[in-house]
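> Fold the following for me, if possible:
(one chain, ligands or ions: 1)
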Amino acid sequence: MGAGKISGIYLQNGAIYDGLEVVAVADLLVERAEEQARAHGVPRACSPEELFADPEVEVVLNLTVPAVHAEVSLAALEAGKHVYTEKPLAVDRGDGEKMLAAATDGGLLVGCAPDTFLGGGLQTCRKVLDEGIIGEPVAVTAVMMTHGPEDWHPNPDFFYQPGAGPMFDMGPYYLTALTTLLGPVRRVSGSARATFPEREITSQPLAGTMITVNTPTHVAGVMDFEGGAVGTLVTSFDVWSEEHSRIDIYGTEGTLSVPDPNTFGGPVRVWRSGDDSWTDVPLTHPYTENSRGLGLADMAQALRSGRKHRASGELGGHVLDVIHAFLDSSAGGRHVEVESTFDRPEPLTAGEKVFGGAS
Ligand SMILES: NC(=O)c1ccc[n+]([C@@H]2O[C@H](COP(=O)([O-])OP(=O)(O)OC[C@H]3O[C@@H](n4cnc5c(N)ncnc54)[C@H](O)[C@@H]3O)[C@@H](O)[C@H]2O)c1
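Below you'll find the model as predicted:
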């Protein structure tokens, strides 16, 4: 559901993962669905209502824009379908909670992107941490700073509306990586600002169109993890250039350099106490290329076997809660306690392509 920019990679990968069969593509704009169905050899293109009514459909993959994630996911759950949604789980915390409750009531699963934490890079980091190679995590720094997506996305307006901005849009990659590596966040303090009230689109086909900015575009803050580590996160669409690494985790015995969490591969590097340079860690896990859809494949397998799925709605709900905590803290001038939690997903098996697929 939602045949826009990101649907291509899902359709490409969905066709090759074991246990997934793409039966239909739907969009509010049915001609868009038709175009994508044709391009990827999917047998059927239809309207949202027809998709919900289709008895062949077990899972709805929600690739709509963030503002309607909750509405579309709730409609799918009401129709008795499992849901896997692009991030964020919802815009409002309450809508996210409603989705999780509706799924529990209906005996259905909710999954939530990103699934990059299942890639070879971040799974290798998980193994390094679990094996105690850098000791006990003390702190982490995570930095995502760009000048926004209006120079490459075909329809970038939504990035500057409530429910988007750098924290809602890119924060989920960083927060999903950090929480699956370090566990839940307990408390947050943040500061936010919107620097440019208007943005000019320079990408095609809307080049020259102005966007009115209605959400913070620079959000920075500190997180206390339940396990004791202190994290710093900066997300920005206001920065022209920078020289920070994406994520570094500092332990009592050394530092782990974590790859860009918007990718599936490496590099992974460690610097242990007594070393005088970084050591590259060979990746221990597969899925190092763009493997979007891996979380959906994992959920499909979990659905059949009865085990827990990894890119869960519960995890997505915790990430959404932390995102709101940064903004609430900034608005209220105080620390914000994070009430939600999640069970840390099981690591994947090293060296084995458990879902099939090309990469
Ligand atoms: N573009 C990227 O690189 C990228 C990367 C990762 C994740 N995402 C996420 O994927 C989602 C979609 O992003 P995109 O870039 O593909 O956006 P997009 O604007 O290109 O596509 C969204 C599609 O959803 C359709 N749509 C909107 N409301 C709908 C509704 N109520 N019912 C059915 N269809 C509806 C639109 O017609 C459009 O075709 C967002 O949540 C975004 O955060 C995007």
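> For residue 84, give me its contacts.
Listed by C-beta atoms under 8 Å, 6 or more residues apart in numbering, the contact partners of residue 84 are 59, 60, 61, 62, 110, 111, 112, 113, 295, 296, 299, 311. All C-beta spots, glycine's among them, are computed from the backbone N, C-alpha and C.
> Next to the ligand, which bits of the stretch 101-250 of the chain? Give me the list.
Within the stretch 101-250 of the chain, the positions near the ligand by C-beta under 6 Å from any ligand atom are 155, 169.
> Leaving out the residues flanking it, which one is nearest to the closest residue to the ligand within the stretch 101-250 of the chain?
Nearest residue of the stretch 101-250 of the chain to the ligand: residue 155, at 4.8 Å (C-beta to the nearest ligand atom). Leaving aside its chain neighbours, residue 155 sits nearest to residue 206 (6.7 Å; criterion: C-beta to C-beta, 6 or more residues apart in numbering).
> could you measure the closest residue to residue 65 other than its chain neighbours against residue 218, distance?
Distances taken as C-beta to C-beta, 6+ apart put residue 158 closest to residue 65, at 4.8 Å, once the chain neighbours are dropped. According to C-beta to C-beta, to the nearest Å, residue 158 stands 18 Å off from residue 218.
> who touches the residue nearest the centre of the chain in this structure?
Residue closest to the mean C-alpha point of the chain, counted by C-alpha atoms, centre = their mean, is residue 114 at 2.6 Å. Shown in contact with residue 114 (C-beta under 8 Å, 6+ apart): 87, 172, 173, 176, 261, 262, 295, 311.
> So it: helix, strand or coil?
With DSSP: H, G, I helix; E, B strand; the rest coil as the basis, residue 114 sits in coil.
> And residue 180, by the same measure?
On the three-state scheme (three-state DSSP), residue 180 is labelled helix.
> Now it: closest residue in space, sequence neighbours ignored.
In space, residue 180 is closest to residue 117, 4.6 Å off (C-beta to C-beta, 6+ apart).
> For the stretch 51-200 of the chain, which segments are assigned as strands?
Assignment of strands within the stretch 51-200 of the chain using DSSP state E, counting those that start in this stretch yields the ranges 59-62, 82-85, 110-112, 137-145, 185-193, 198-200.
> Of those, which stretch is the most buried?
Mean neighbour count, computed with mean count of other C-beta atoms under 10 Å, is highest for strand 110-112 among the strands of the stretch 51-200 of the chain, reaching a mean of 30.
> Name the residues that touch it?
So strand 110-112 is contacted by 73, 77, 82-85, 87-89, 99-100, 103, 295-296, 298-299, 309, 311-313, 315-317, 319 (C-beta under 8 Å, 6+ apart).
> In helices, which of the residues you listed fall?
73, 77, 99-100, 103, 295-296, 298-299, 313, 315-317, 319 (DSSP state H).
> most surrounded residue in those residues?
Using other C-beta atoms under 10 Å as the neighbour criterion, residue 316 leads the ones in helices among the contacts of strand 110-112 with 31 neighbours.
> Make sure that residue is actually in contact with residue 85.
Yes. Contact criterion C-beta atoms under 8 Å: residue 316 and residue 85 qualify, at 7.5 Å.
> Are there residues contacting both of those two? Which ones?
110, 111, 112, 113.
> What residue in the stretch 251-359 of the chain comes nearest to the ligand?
Closest point on the stretch 251-359 of the chain to the ligand, by C-beta to the nearest ligand atom, is residue 292, at 7.4 Å.
> now do the chain
Closest point on the chain to the ligand, by C-beta to the nearest ligand atom, is residue 4, at 1.7 Å.
> about what we covered before: quickly name whichever of the ones in helices among the contacts of strand 110-112 is closest to residue 150.
residue 319 (24.7 Å; C-beta to C-beta).
> helix or strand for the residue of the chain most remote from its centre, which one?
Within the chain, the residue lying farthest from the chain centre (C-alpha atoms, centre = their mean) is residue 274, at 35.6 Å. Assigned by DSSP states H and E, residue 274 belongs to neither a helix nor a strand.
> per-residue pLDDT, it?
For residue 274, the pLDDT comes out at 97.
> can you pull out the strands in the stretch 251-359 of the chain?
254-258, 268-272, 279-281, 336-337.
> Of those strands, flag the one that's most buried.
Buried most deeply of the strands of the stretch 251-359 of the chain, by mean count of other C-beta under 10 Å, is strand 254-258, with a mean of 22.
> what lines up beside it in the sheet?
Sheet pairing of strand 254-258 (DSSP bridges) gives strand 247-251 (antiparallel), strand 268-272 (antiparallel).
> in the contacts of residue 84, which two residues are the furthest apart from each other?
60 and 311 (15.2 Å).
> With distance to residue 355 as added columns, please give the strands paired with strand 254-258 in CSV.
What follows is these, written out as CSV (distance: least, C-beta to C-beta, whole Å):
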stretch, distance to residue 355
strand 247-251, 25
strand 268-272, 21
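> Of the strands of the stretch 51-200 of the chain, which is nearest residue 269?
Closest among these, using C-beta to C-beta: strand 137-145, at 14.8 Å.
> tell me the mean pLDDT over the closest one?
pLDDT averaged over strand 137-145 gives 98.
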